[in-house]
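Trainee: Got a predicted model here, sequence first, then my questions.
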Amino acid sequence: MTDDDLRQDDAEESSSEFEKLLSEQEPAAAEQTPEPRAGDQVTGVLVQMGETECFVDYGGRSELPISTTELSDAEGELKHKAGDTVTAYATGKGENLRLTIKQRAQGKDTRVIEEALASGMPLTGTVKETNKGGFVVMMGEHRAFCPVSQIDDSFVENPAEWVDRKLEFRVIEFSEGGRRLVVSRRALLREEKERQAVETRKTLAVGNVYEGRVVRIMPYGAFVNIGGIEGLVHVSEMSHQRVANPGDILSEGQEISVKVMDIQNLGQGRSERVSLSMRALESDPWDDVEDKLKPGEWYDGIVSGLADFGAFVELLPGIRGLVHVSALAEERVYHPGDVVKEGQQVSVRVIEIDKQRKRISLSIVG
């Protein structure tokens, strides 16, 4: 074989290897996510965190920048870290293409508003004033209307408290060249709540303790938001003391600590049930009951309930005893209500303490 033959074989081998390498790279290139256009929603992973800018890998040819301030809370503390998934919106084009979570309309320009309507991108607006049925929200020089039911995800008691606040809104209607512009904040709150719920469900377990916010009070208990999930604190789990009305000890918007007691049908929509307790985080008043109450001694208490078989008397916070109907008076008693009333202060003698069963027998007669 001549030198020319060897050189030709080497060239053919190199060409073959190059074609093989090229064919291996082509599928990868085909899998790249197309570059987004202004207004497109983009989901990606934070791969680099900087003082002024962070970068998001969305599966395209290169990462896209996003301002660090958009990933920070009101105190300037970062809410995200490298590896977190974020959803943002594309703005600009070409070399100026970047991501933003917050966007603001400028002047009378309607392009940003039209992009927001098409993509769902939230816009920042200022609540200017209240009017019949809602609020006037200024977006640049555009007057938008936000129905009162769409400013929050709970009932708005005092609309005037929302005036002058800068908030994020979703454009839900834009017509007549901008003369009709309707926005909603509630839609954004619900989406954020669901995003939080997805993360919370990953680690939610019986025994976990959470800081939650009371969102709704009912006669039978209070619903508490713990990371996007609403759980119920039943009235019986609010305190070791008897609670007649949840509204007496809790208010909507109040921050409280709760413990997860039971989980049913997690992630299954309306059938999902999370039972919470405030009482489980309190010390049990029965732990040292024998140090505070002694059999044979007399104590003052309050009648807290009546039954056919006797009267319940609260001796200490969370500690109730029973005066059997036969121990209410020297003479025969047909019903406890004939002798005592709820809320009445009485003097009782401790007959027996059963700490294990959390029962105390009492008597009004000597």
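Mentor: Cool, the structure landed.

Trainee: Show the residue spans covered by the helices in this structure.
Mentor: Using DSSP state H, the helices found in the chain span residues 3-30, 111-119, 186-203, 289-292.

Trainee: what comes into contact with the second one?
Mentor: By that I understand helix 111-119. Under the contact criterion Cβ atoms under 8 Å, 6 or more residues apart in numbering, helix 111-119 has outside partners 38-41, 89, 103-106, 121-123, 139-140, 142, 170-174, 178, 181. The C-beta positions use only the backbone N, C-alpha and C, and glycine is treated the same way.

Trainee: which of these are buried?
Mentor: Buried subset of the contacts of helix 111-119 (neighbour count, 16 or more other Cβ atoms under 10 Å): 38-40, 89, 103, 105, 121-123, 139-140, 142, 170-172, 174, 178, 181.

Trainee: So which of those sit within strands?
Mentor: Secondary structure defined by DSSP state E assigns 89, 103, 123, 139, 142, 170-172, 174, 181 of the buried ones among the contacts of helix 111-119 to strands.

Trainee: Give me the lowest-pLDDT entry from those residues.
Mentor: Lowest in pLDDT among these is Gln103, which has 69.

Trainee: mind showing which ranges of this protein have poor pLDDT?
Mentor: Of all residues in the chain, those with pLDDT under 70 make up the ranges 1-32, 39, 103, 178.

Trainee: Find the residue at the geometric middle of it.
Mentor: The centroid of the chain falls nearest to Gly228 when counting by Cα atoms, centre = their mean (2.9 Å).

Trainee: In CSV, list the C-alpha atoms belonging to stretch 301-311.
Mentor: Output of stretch 301-311 as CSV, limited to C-alpha atoms (Å, rounded to 0.1, in the frame of the first residue of the first chain):
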residue,chain,number,x,y,z
GLY,A,301,-64.9,26.2,90.5
ILE,A,302,-67.3,27.3,87.6
VAL,A,303,-70.1,25.1,86.3
SER,A,304,-69.1,24.5,82.7
GLY,A,305,-71.7,22.1,81.5
LEU,A,306,-74.8,20.1,82.5
ALA,A,307,-75.9,16.6,81.7
ASP,A,308,-78.7,14.3,82.9
PHE,A,309,-76.2,12.5,85.2
GLY,A,310,-74.5,15.5,86.7
ALA,A,311,-72.7,18.8,86.4
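
Trainee: now, among the ones in strands among the buried ones among the contacts of helix 111-119, which is nearest to Glu314?
Mentor: For these, the minimum distance to Glu314 (Cβ to Cβ) is 51.4 Å, reached by Arg170.

Trainee: I'd assumed Val182 was in contact with that closest one.
Mentor: No - Arg170 is beyond contact range of Val182, at 9.9 Å (criterion: Cβ atoms under 8 Å).

Trainee: any idea how far Arg349 is from Gly296?
Mentor: The spacing between Gly296 and Arg349, counted by Cβ to Cβ, to the nearest Å, is 7 Å.

Trainee: what about these two, which has more around it?
Mentor: Set Gly296 next to Arg349 and count neighbours by other Cβ atoms under 10 Å: Arg349 wins out with 17 against 8.

Trainee: Touching, the more buried one and Lys294? I think so.
Mentor: No - Arg349 lies out of contact with Lys294 (Cβ under 8 Å); the separation is 10.4 Å.

Trainee: Quick check: neighbours shared by those two?
Mentor: Common neighbours of Arg349 and Lys294, using Cβ under 8 Å, 6+ apart, do not exist here.

Trainee: List the buried residues of stretch 212-231.
Mentor: Those would be 212, 214, 217, 221-231, for stretch 212-231 by 16+ other Cβ under 10 Å.

Trainee: My error: substitute stretch 249-265 in the last question.
Mentor: 249-250, 256, 258-261, 263.

Trainee: ok, the residues you listed vs Ser236, which is closest?
Mentor: Met261 (11.0 Å).

Trainee: For Gly59, see how far away that closest one is.
Mentor: As for Met261, its distance to Gly59 is 42 Å (criterion: Cβ to Cβ).

Trainee: All set, thanks.
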